[in-house]
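Enquirer: Here is a sequence with its predicted model. Questions after.
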Amino acid sequence: MARSIAIRPAGQGAPAPRAAMPFAPGPSLLTSLPPLSVYVHVPWCVRKCPYCDFNSHAAPDELPEDRYLQALTADLDQSLPQVWGRKVVSVFIGGGTPSLLSAATMDAMLALLRSRLPLLPDAEITMEANPGTVEASRFADFAASGINRISLGIQSFDDDRLRALGRIHDGRAAREAIAIAQRHVERVNLDLMFALPGQTLDGCLADVETALSFGTEHLSLYHLTLEPNTVFAKYPPELPDDDTAFEMQDRIEARLAEAGYDHYEISAYARPGTRCRHNLNYWEFGDYLGIGPGAHGKLSFHDRILREARVRNPQSWMDALLDPAAGATHLAESRLVGAEELPFEFMLNALRLTDGVPAASFAERTGLNLATIARPLARAVERGLLDEDPTRIRPTPLGRRFLNDLQGLFL
Ligand SMILES: C[S@@+](CC[C@H](N)C(=O)[O-])C[C@H]1O[C@@H](n2cnc3c(N)ncnc32)[C@H](O)[C@@H]1O
Ligand code: SF4
């Protein structure tokens, strides 16, 4: 069995497409629709980090913020019939580096969303930020516009590690950014990566201690992965060996548990009551509309489940939306999810959660009877990967450790 590692959330990403056998047309299969979230992708960064495979591009001298907003408006307007009347529980403005945008653009983006979609009064509205782009006055404006959660890409506080990662900020800027974010919004998440080039166990634990010293309610700890088509894949840096990396993971888990954080998902740790609602909705197989270049979406209807992806290139996405006469589309993919794909898609998300999900949510979210997966469920229980409790689909500690094997049973 291959041991799993702390990987990044699937987020707006969708699993690889396979041939779809759509639901047979006919009676309603989903008796109720899941909660709806909105993901907005901002594709620019100051520069591209060598390990990063996100749809992020080095920013031009001047960001085309007006054009981007116009295209976002068109993207949203074209999507509205798909989500008509549905309330929005969370918004996640991710990237790239959304904190590069001006306060005026962020304000206009939030006004756009509010004018078209019924956001719940307590909707969680997260913005991702790179510490190298944090200024107090702009962050005050972001908060005044309605951003109530900031997720900071800290990665490490160690200047040598940050240099090896090609980051645009040092440890001091990371600390200052946290203080500014905490001054302006109630909820702050810090992204840290571990098993970094040249990192020792002590160095990793020192990063965790520094993060804890700020008392933020949420931490995400990602094992650095070498992603295909990145600079690090082509020129791999020297990384800690597997045993050291696993020891880092174990020690991080122990230290954060001691500090009162629930390890509620592979890479996510939160103080009670502060889990990320937006990501939880992905993992609980909720719905999300994704707008902006490269954004993915999953939308349920009473008789079908649709997956969409926007074209990745920012220029092509803007051109397609703003010059429809040219005949290009802003959609790279729009397809019905086949009934035979749903069990694996559901499990790919749900099994990331330490507590799993209620067994009943399988039928609620997929429209399929739980009996369709009785065999792999039984096999997973037999192998000690899944809890025996029939009311929940919950991985055991062994199942979490060998998550890929557990998920694979549902393929
Ligand atoms: C979109 S970025 C966060 C905001 C901003 N772009 C930044 O980097 O500061 C999302 C997070 O994914 C994580 N990440 C990116 N590439 C990764 C990789 N190859 N392995 C593990 N984590 C990665 C980083 O922790 C990063 O903060
Ligand atoms: S700043 Fe964030 S999104 Fe941009 S390249 Fe670096 S890790 Fe990727």
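Expert: That came in fine, so what should we check first? Ligands and ions are numbered 1, 2, ... in the order given.
Enquirer: Only C-alpha atoms from now on, for both contacts and neighbour counts.
Expert: Noted.
Enquirer: any idea how far the residue in the stretch 51-200 of the chain positioned nearest to ligand 2 is from T391?
Expert: Closest contact between the stretch 51-200 of the chain and ligand 2, by Cα to the nearest ligand atom, is at G96 (3.8 Å). The gap separating G96 from T391 is 39 Å, by Cα to Cα, to the nearest Å.
Enquirer: and if you look at F362?
Expert: 11 Å.
Enquirer: quick one: which of these two has more around it?
Expert: Higher neighbour count among F362 and T391: F362, with 23 against 12, using other Cα atoms under 10 Å.
Enquirer: tell me how far the helix or strand harbouring that one is from the chain's mean position?
Expert: Using DSSP states H and E, F362 maps to helix 360-366. Distance, stretch centre to chain centre, for helix 360-366: 22 Å (Cα atoms, centre = their mean, to the nearest Å).
Enquirer: what's the answer for stretch 371-388, then?
Expert: Per Cα atoms, centre = their mean, the centroid offset for stretch 371-388 relative to its chain is 27 Å.
Enquirer: Kindly export that stretch (C-alpha atoms) in PDB.
Expert: What follows is stretch 371-388, C-alpha atoms only, in PDB (Å, rounded to 0.1, in the frame of the first residue of the first chain):
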ATOM      1  CA  ALA A 371     -26.400  -0.200  -2.200                       C
ATOM      2  CA  THR A 372     -24.500   0.500  -5.400                       C
ATOM      3  CA  ILE A 373     -21.300   0.700  -3.400                       C
ATOM      4  CA  ALA A 374     -22.100  -2.000  -0.900                       C
ATOM      5  CA  ARG A 375     -19.300  -4.200  -2.200                       C
ATOM      6  CA  PRO A 376     -16.400  -1.700  -2.000                       C
ATOM      7  CA  LEU A 377     -17.700  -0.500   1.300                       C
ATOM      8  CA  ALA A 378     -17.600  -4.000   2.700                       C
ATOM      9  CA  ARG A 379     -14.100  -4.600   1.300                       C
ATOM     10  CA  ALA A 380     -12.800  -1.300   2.800                       C
ATOM     11  CA  VAL A 381     -14.200  -2.300   6.200                       C
ATOM     12  CA  GLU A 382     -12.700  -5.800   5.900                       C
ATOM     13  CA  ARG A 383      -9.300  -4.300   5.200                       C
ATOM     14  CA  GLY A 384      -9.600  -2.000   8.200                       C
ATOM     15  CA  LEU A 385      -9.600   1.200   6.100                       C
ATOM     16  CA  LEU A 386     -13.200   2.300   6.800                       C
ATOM     17  CA  ASP A 387     -15.100   2.400  10.100                       C
ATOM     18  CA  GLU A 388     -17.800  -0.200  10.700                       C
END
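Enquirer: Please identify the buried residues of it?
Expert: Neighbour counts over stretch 371-388 (16 or more other Cα atoms under 10 Å) mark 376-377, 380-381, 384-388 as buried.
Enquirer: Repeat that for stretch 141-148.
Expert: 141-143, 145-148.
Enquirer: Which secondary structure state does the residue in the stretch 251-400 of the chain positioned nearest to ligand 2 sit in?
Expert: Closest residue of the stretch 251-400 of the chain to ligand 2, Cα to the nearest ligand atom: G294 (12.8 Å). Using DSSP: H, G, I helix; E, B strand; the rest coil, the structure places G294 in coil.
Enquirer: Contacts only, for the closest residue to it other than its chain neighbours.
Expert: Leaving aside its sequence neighbours, G294 sits nearest to R312 (Cα to Cα, 6 or more residues apart in numbering; 3.8 Å). Residues near R312 by Cα atoms under 8 Å, 6 or more residues apart in numbering: 55, 293-295, 332.
Enquirer: Throw together a ChimeraX command that grabs the buried residues out of these.
Expert: The following ChimeraX line selects those of the contacts of R312 that are buried, judged by 16+ other Cα under 10 Å:
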select :55,293,294,295
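Enquirer: export the contacts of R312 to JSON lines and tack on distance to ligand 1?
Expert: Listed next are the contacts of R312 as JSON lines, based on distance: Cα to the nearest ligand atom, whole Å:
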{"residue": "N55", "distance to ligand 1": "9"}
{"residue": "P293", "distance to ligand 1": "14"}
{"residue": "G294", "distance to ligand 1": "13"}
{"residue": "A295", "distance to ligand 1": "12"}
{"residue": "A332", "distance to ligand 1": "21"}
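Enquirer: What are the structural domain limits within the protein?
Expert: Domain assignment for the chain by automatic domain parsing gives 36-283, 343-411.
Enquirer: what's near enough to touch R275?
Expert: 218, 264, 269.
Enquirer: one more time with 10 Å, if that's ok
Expert: Contacts here follow Cα atoms under 10 Å, 6 or more residues apart in numbering; on that basis R275 touches 189, 217-219, 262-265, 268-269.
Enquirer: ok, now E308?
Expert: 14, 289-291, 294-299, 331-336.
Enquirer: Work out the sheet partners of the strand or helix carrying it and label each with its direction, please.
Expert: Here E308 sits within strand 304-310, counting by DSSP H and E. Sheet pairing of strand 304-310 (DSSP bridges) gives strand 296-301 (antiparallel), strand 331-336 (antiparallel).
Enquirer: Now the last one: buried residues?
Expert: Using 16+ other Cα under 10 Å as the burial criterion, the residues of strand 331-336 that qualify are 331, 336.
Enquirer: For the stretch 101-250 of the chain, which residues score under the pLDDT cut-off?
Expert: Judged against pLDDT under 70, the stretch 101-250 of the chain has no low-scoring part.
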